[in-house]
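Participant: could you look at this predicted model? Sequence included:
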Protein chains: 2
Amino acid sequence: MADEAPFQLLHSEVIQYIYKSAEGETESGRNVTKLENIGFRVGQGLIERMTKDTARFKDELDIMKFICKDFWTCVFKKQIDNLRTNHQGIYVLQDNKFGLLSHLSVGKQYLEHAPKYLAFTCGLVRGALSNLGVKSIVTSEVSVMPSCKFQVMIQKA
Amino acid sequence: MADEAPFQLLHSEVIQYIYKSAEGETESGRNVTKLENIGFRVGQGLIERMTKDTARFKDELDIMKFICKDFWTCVFKKQIDNLRTNHQGIYVLQDNKFGLLSHLSVGKQYLEHAPKYLAFTCGLVRGALSNLGVKSIVTSEVSVMPSCKFQVMIQKA
């Protein structure tokens, strides 16, 4: 029995709840925003607990490595598989088997539903970074499920 | 870093979201019902995954023991501390340090807020039992935080 099952199932139900309670509304973008906001606050709370006894981070890259390893493992029970950066404030985090997509069928058929399963996590990363003093824009991309990429664009003050 | 933190934080945010989006509405009972329903579906999904390879349960008490041990540990990383029954369809599950209350202050001050932190779990238990073919009514009670009791009343067909 996977440890992350309660979290995964609750995450799914939150999506269902938000989409269902907004039925009739035309703008589905609002639902994505709501999920992103919930993720943001979970990310803030989580990083606060995780870093309260850790040493200060050296730099931005050091923070990103923490997100890819410790933070990701805490939430998804695995690390990010690949981290890339252009060294100018853009980071791409690739997860080859993303937990919150793993219950969806692998075919292209459900690809259009992927964004709603990623919105929470975009917010999660943005919230975590925000609490570490790093403002960012986080977007996601899926080409072949259940692998996905999160792109983090650091916003310089 | 506690394993259950992502789940706890998401649970808190779901409560905030539901209460906030219902602001202005007079009936707060509806929020409790919404949380209970979300819990119900998570409970159904979880028990399905957990029992797919287990042996058939002997009887009702056997099912309740599974809920108190395996199921509780999966969600809350600890077992129920005490299980009582009148052997006539009523079970009382006591958790002396319930995870979803542990972030609330221990004083009596916040006691009135306890029900909203327990509604999801009432649904969770009811959903799990329902998927095992046991219809029930689940209520909760807090006298001293973070300890609480869940009362399960089995509904005979």
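Facilitator: Right, received. Where do you want to start?
Participant: mind giving me the packing neighbours of the lengthiest helix in chain A?
Facilitator: The single longest helix within chain A, with elements called by DSSP state H, is helix A:29-51. For helix A:29-51, the packing partners by 3 or more C-beta pairs under 8 Å, 6 or more residues apart in numbering or on different chains; DSSP states H and E come out as helix A:5-21, helix A:72-76, helix A:114-131, helix B:5-21. The C-beta positions use only the backbone N, C-alpha and C, and glycine is treated the same way.
Participant: redo those helices as TSV? Include mean pLDDT.
Facilitator: Converted to TSV, the helices and strands packed on helix A:29-51 look like this (pLDDT from 0 to 100):
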stretch	mean pLDDT
helix A:5-21	94
helix A:72-76	95
helix A:114-131	96
helix B:5-21	94
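Participant: hey, which of the ones you listed is tucked in deepest?
Facilitator: helix A:114-131 (a mean of 23; mean count of other C-beta atoms under 10 Å in any protein chain shown).
Participant: distance from the helix or strand following that one to the middle of the chain?
Facilitator: Once helix A:114-131 ends, the next helix or strand along the chain (criterion: DSSP states H and E) is strand A:136-141. With C-alpha atoms, centre = their mean, to the nearest Å as the basis, strand A:136-141 stands 9 Å off its chain's centre.
Participant: again, but for stretch A:135-152
Facilitator: With C-alpha atoms, centre = their mean, you get 8 Å for stretch A:135-152.
Participant: same check on stretch A:55-70?
Facilitator: For stretch A:55-70, the distance to the chain centre is 16 Å (C-alpha atoms, centre = their mean).
Participant: export that stretch as CSV, just CAs?
Facilitator: Listed in CSV are the C-alpha atoms of stretch A:55-70, where the atom choice follows Å, rounded to 0.1, in the frame of the first residue of the first chain:
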residue,chain,number,x,y,z
ALA,A,55,21.0,25.6,7.2
ARG,A,56,20.6,28.7,5.1
PHE,A,57,20.6,28.1,1.4
LYS,A,58,23.7,29.1,-0.5
ASP,A,59,21.9,30.4,-3.6
GLU,A,60,19.0,29.9,-6.0
LEU,A,61,20.3,26.7,-7.4
ASP,A,62,20.7,25.3,-3.9
ILE,A,63,17.1,26.1,-3.2
MET,A,64,16.0,24.4,-6.4
LYS,A,65,17.9,21.3,-5.6
PHE,A,66,16.2,21.2,-2.2
ILE,A,67,12.8,21.4,-4.0
CYS,A,68,13.8,18.6,-6.4
LYS,A,69,15.1,16.3,-3.7
ASP,A,70,13.7,16.8,-0.1
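Participant: for chain A, what lies in contact range of chain B?
Facilitator: Residues of chain A found near chain B (C-beta under 8 Å from any C-beta of the partner chain) are A:1-3, A:5-7, A:9-14, A:16-17, A:21, A:34, A:38, A:41-42, A:45-46, A:49-50, A:70, A:74-75.
Participant: how about 6 Å then?
Facilitator: A:1, A:5-7, A:9-10, A:13-14, A:17, A:38, A:41-42, A:45-46, A:49-50, A:74-75 (C-beta under 6 Å from any C-beta of the partner chain).
Participant: give me the low-pLDDT residue ranges for chain A?
Facilitator: A:1-2, A:26, A:28, A:157 (pLDDT under 70).
Participant: mind doing that once more with 80?
Facilitator: By pLDDT under 80, the low-scoring segments of chain A are A:1-3, A:23-29, A:103-110, A:157.
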